[in-house]
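In: Sequence first, predicted coordinates after that:
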Amino acid sequence: MLVLGRKPGEYVLIDNNIMVRVIKSDEGHLRLAIEAPKHIPIVRGELWEEKNIALGTAEKAKTSST
């Protein structure tokens with residue numbers, strides 16, 4: 001896992017075609033803008049976990065990524 005600090009207006013590029021830009025950063029709140037090709041799904045973490053907990057795969061995925 002890569003952990004970065006970014007200020008509003010700064011961004012990170014993933015694989016030259018996904019841009020994650022910090023739009024706003026307040027105390028404890030962060031707004032991100034994500035630009036990616038239409039064929040790449042973007043899902044909020046809590047929705048992904050909800051779906052995968054129902055399938056029994058979320059915990060396995062979390063532990064394998066650390």
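Out: Thanks, I have the structure now.
In: counting contacts, what elements does the longest strand seen in the chain pack onto?
Out: Longest strand in the chain, counting residues (DSSP state E): strand 18-26. Under the contact criterion of 3 or more C-beta pairs under 8 Å, 6 or more residues apart in numbering; DSSP states H and E, strand 18-26 touches strand 11-14, strand 29-35. Every residue, glycine included, has its C-beta placed from N, CA and C.
In: send the alpha carbons of that strand over as CSV?
Out: C-alpha atoms of strand 18-26 as CSV (Å, rounded to 0.1, in the frame of the first residue of the first chain):
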residue,chain,number,x,y,z
ILE,A,18,-6.8,7.2,-13.7
MET,A,19,-6.5,10.5,-12.0
VAL,A,20,-7.3,11.0,-8.3
ARG,A,21,-7.4,14.7,-7.5
VAL,A,22,-7.9,16.3,-4.1
ILE,A,23,-10.6,18.9,-4.5
LYS,A,24,-11.2,20.0,-0.9
SER,A,25,-9.6,19.2,2.4
ASP,A,26,-11.2,20.4,5.7
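In: And for that strand, what's in contact with it?
Out: With contacts defined as C-beta atoms under 8 Å, 6 or more residues apart in numbering, strand 18-26 is touched by 6-14, 30-37, 40.
In: Burial-wise, tell me which of the helices and strands packed on strand 18-26 comes out on top.
Out: Mean neighbour count (mean count of other C-beta atoms under 10 Å) peaks for strand 11-14 among the helices and strands packed on strand 18-26, with a mean of 12.
In: what distance separates the longest helix anywhere in the chain from the centre of its chain?
Out: When the chain is scanned for its longest helix (criterion: DSSP state H), the result is helix 45-55. Centroid separation for helix 45-55 versus its chain: 14 Å, with C-alpha atoms, centre = their mean, to the nearest Å.
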